[in-house]
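S.K.: here's a sequence, model it:
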Amino acid sequence: MDKKLESDISRYGGNKNSLPKFQKYFRKYQAANNRVKKIVYKILFVINRKKNFIEIAADAKIGYGLYIGHPFAITINPDVIIGNNCNIHKGVTIGQENRGKKKGVPIIGDDVWIGINSTIVGKIKVGNDVLIAPNSYVNFDVPDHSIVIGNPGKIIPNVHATKDYINNKFINNQN
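M.R.: Numbering: from 1, shown residues only. As a prediction, the model looks like this:
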């Protein structure tokens, strides 16, 4: 089994039936090394992501241990980079800013929890161990070990920002 698919399943408590179907086919598509399998997995991915109103590109750069809680109405720009052990909840938008100094897309670190209906936009960096509270708007850099709350977002330093929020962390020993 592909290591990223295995890591995602571990985030769901090891229960492969809990993994959303579009996520399973997303990982299988990315791991496939033969053209026919790639085509089949991409078709299955597209069909299943549409059922949940999920906008994630098949080639999205998402690290190990992705957890999507309540997968519905999620939009992730194809150029976004997301690290390991990230939790994304329904209604989240991770998108592009089209003008100004922050023109571009976010880079999201490891161990990041993104709450319901949060929006993250622009050429920004979200550090490691960051909790973005539900309904927050983030268009600024967020340092490691922080909580972001509100609209406009406010940063609150916290040494263990995601403690008890990022469960079943996948540890990749093959760096």
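S.K.: and Asn85, how far is that from Asp129?
M.R.: Asn85 sits 10 Å away from Asp129, going by C-beta to C-beta, to the nearest Å. (Each C-beta comes from the backbone N, C-alpha and C, glycine too.)
S.K.: now the common contact residues for those two.
M.R.: Contact criterion C-beta atoms under 8 Å, 6 or more residues apart in numbering; residues shared by Asn85 and Asp129: 110-112.
S.K.: in ChimeraX, how would I select the buried members of the residues you listed?
M.R.: The ChimeraX selection below is limited to those of the shared contacts of Asn85 and Asp129 classed as buried (16 or more other C-beta atoms under 10 Å):
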select :110,111,112
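S.K.: ok so, going back, what about Asn85 and Asp129, which has more around it?
M.R.: A direct count of neighbours by other C-beta atoms under 10 Å for Asn85 and Asp129 places Asn85 higher, at 26 against 23.
S.K.: what are the boundaries of the helices in this structure?
M.R.: Using DSSP state H, the helices of the chain run over residues 3-11, 21-31, 35-51.
S.K.: measure how the longest one sits relative to helix 21-31, angle-wise.
M.R.: So the one you mean is helix 35-51. Calculated by axes from the mean of the first three to the mean of the last three C-alpha atoms, to 10 degrees, helix 35-51 forms an angle of 150 degrees with helix 21-31.
S.K.: ok, back up a step: next step: the shared contacts of Asn85 and Asp129 restricted to strands.
M.R.: Val112 (DSSP state E).
S.K.: so who does Asp110 touch?
M.R.: Contacts for Asp110 (C-beta under 8 Å, 6+ apart) come out as 63, 83-86, 128-129.
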